[in-house]
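Participant: sequence and predicted structure, then a few things I'm wondering about:
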Amino acid sequence: MRTPVVVIGAGQAGLAMSHHLTGRGIDHVVLDRGEVANSWRTERWDSLRLLTPNWMTRLPGHRYEGSDPDGFMTKDETVSLLSAYGRSFAAPVHPHVIVEAVTATSNGFDVVTDQGTWSCDVVVAATGASSEPRLPAVAADIPDRIDQLTALEYRNPDQLGTGDLLVVGASASGIQIADELQRSGRSVTIAIGEHIRLPRLYRNQDIHWWMDRIGQLDERYDEVDDLNRARRLPSLQLVGSPERRTLGVGSLVEAGVGTVGKLMRIVGSKAQFSGGLANLVANADLKQNRLLDRIDEFVDEHGLDSGLPEPTRPGPTRLGGAPTELAMCRFQTIIWATGYRPGYSWLDRAAFDQRGRIVHDGGICALPGLYLLGIPFLRRRKSSFIDGVGPDAAELVSHLHAYLDRRIHA
């Protein structure tokens, strides 16, 4: 089988690329190990909603037109959205195809799957940033009697035992899971590392509305001082809820969730945690106020004061006791919410450097004909959002189109 372009992944990134390829008349296929939006179907907990408001579900050729622009789509609504989006332009999706290897050849690439091999000029890896859980080394030292789940495996409180729970990680996934478990009546402790605290609403507008308005979400990868750090930043401590409520360390403490610092090691029957939690929390408060300062400056510069309420800043995060050591015998289950990483085990090793990182410049890989899409801060700060994959795909497809033309006329 031969086609000019193979797109791997039929989530928002792969579909956005497919839409642009279709618009340019470039033949292609989209391969996915499941169905459209497979990760949303099979690797998200039941109550999950988008962190971005509905009006931000912007894709190439699609804008939200529903009755609740300030709401937050559920997991199932997101699946329906992406499925309908793919059907709207007849995206050439081949579902239930397992990619086993992508190999560079003298004539492009061979994409080996469990249903045959595709030969192509270009491969777009659009499998996203959450293919695999990122587990710390200490996970291997957890006693066998303790159940362990990752955030990709967690579904709801009913799948867990009734004993005490330790949630490791306090970015978006960790705080949402800890909150849900506490609300179900469980005894929960959360281990907190570096995090980014933000209010859901500020001056009567969603925080994403402000970040979009001041241009922060469109900041480009070639404009930041430390791109590697920007790509490693934890996800925002936010939750999408009908009440548009703010969720963070402070609200978890108020609800009765126990807090400890970053899980460092297991020594005998004890878990040891960092003693720097107060500093991490203070740093998150400081960064939050810097962003709110930037928003207030924008309001002043553009004369928006008359239409907005006066700024009311969230207070500093209040911690309860934060022990540096706990007995492991108290916990029945540990949930690892320690982040994710893209999985490219099938990709030609020539695409990677000596440290195992794909070499690329804003998604244009050093291995000619290979492109990445849908990972954090690929070309702009919002690259991993549904709202961000379209602009990134538009820029990459221009380069891709020129690359195909050069191959045709070589």
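Facilitator: Arrived safely. Numbers count the residues shown, from 1 in each chain.
Participant: now Pro316: closest residue in space, sequence neighbours ignored.
Facilitator: Leaving aside its sequence neighbours, Pro316 sits nearest to Asp285 (CB to CB, 6 or more residues apart in numbering; 5.3 Å). Where you see a C-beta, it was placed from the backbone N, CA and C, and this is true even at glycine.
Participant: any idea how far that neighbour lies from Ser383?
Facilitator: 27 Å (CB to CB, to the nearest Å).
Participant: more crowded one of the two?
Facilitator: Ser383 (26 against 19; other CB atoms under 10 Å).
Participant: now what about stretch 375-387, what contacts it?
Facilitator: Contact with stretch 375-387 is made by 12, 50, 52, 56-59, 128-129, 216-221, 224, 227, 230-231, 233, 342, 362-363, 372, 374, 388-389, 391-392, 395-396, as judged by CB atoms under 8 Å, 6 or more residues apart in numbering.
Participant: show the end-to-end separation of it, please.
Facilitator: Taking CA to CA, to the nearest Å, stretch 375-387 runs 13 Å from one end to the other.
Participant: pLDDT of stretch 291-299, averaged?
Facilitator: For stretch 291-299, mean pLDDT rounds to 97.
Participant: what comes up buried for that stretch?
Facilitator: Leu291, Leu292, Ile295, Asp296, Val299 (16 or more other CB atoms under 10 Å).
Participant: you'd agree Asp296 is in a strand?
Facilitator: No: looking at Asp296 with DSSP: H, G, I helix; E, B strand; the rest coil, it is helix, so not inside a strand.
Participant: which residues does the closest residue to it other than its chain neighbours contact?
Facilitator: Spatial nearest neighbour of Asp296, excluding adjacent residues (CB to CB, 6+ apart): Pro311 at 5.6 Å. With contacts defined as CB under 8 Å, 6+ apart, the neighbours of Pro311 are Tyr202, Arg203, Leu292, Asp296.
Participant: what helices or strands is the strand or helix carrying the third one leaning on?
Facilitator: Read it as Leu292. Leu292 is located in helix 277-301, with elements delineated by DSSP states H and E. If contacts are counted by 3 or more CB pairs under 8 Å, 6 or more residues apart in numbering; DSSP states H and E, helix 277-301 sits against strand 196-197, helix 207-213.
Participant: could you give the mean pLDDT of the shortest one?
Facilitator: In this case it means strand 196-197. 96.
Participant: Gly240: what secondary structure?
Facilitator: coil.
Participant: next, count neighbours for it.
Facilitator: When neighbours are defined as other CB under 10 Å, Gly240 has 23 of them.
Participant: Leu51 is in contact with that one, correct?
Facilitator: Yes: here Gly240 reaches Leu51: they are 5.3 Å apart, a contact under CB atoms under 8 Å.
Participant: which neighbours do these two share?
Facilitator: In contact with both Gly240 and Leu51: Phe72, using CB under 8 Å, 6+ apart.
Participant: pLDDT below threshold where in this structure?
Facilitator: For the chain, no stretch is flagged by pLDDT under 70.
Participant: domains in it, by residue range?
Facilitator: Using automatic domain parsing, the domains assigned to the chain come out as 5-131+342-409, 134-336.
Participant: and these, which is most packed in?
Facilitator: Comparing these by mean neighbour count (mean count of other CB atoms under 10 Å), domain 5-131+342-409 ranks first with a mean of 19.
Participant: straight-line length of that one, end to end?
Facilitator: 17 Å.
Participant: tell me how far it lies from the chain's centre.
Facilitator: Distance of domain 5-131+342-409 from its chain centroid, counting by CA atoms, centre = their mean, to the nearest Å, is 14 Å.
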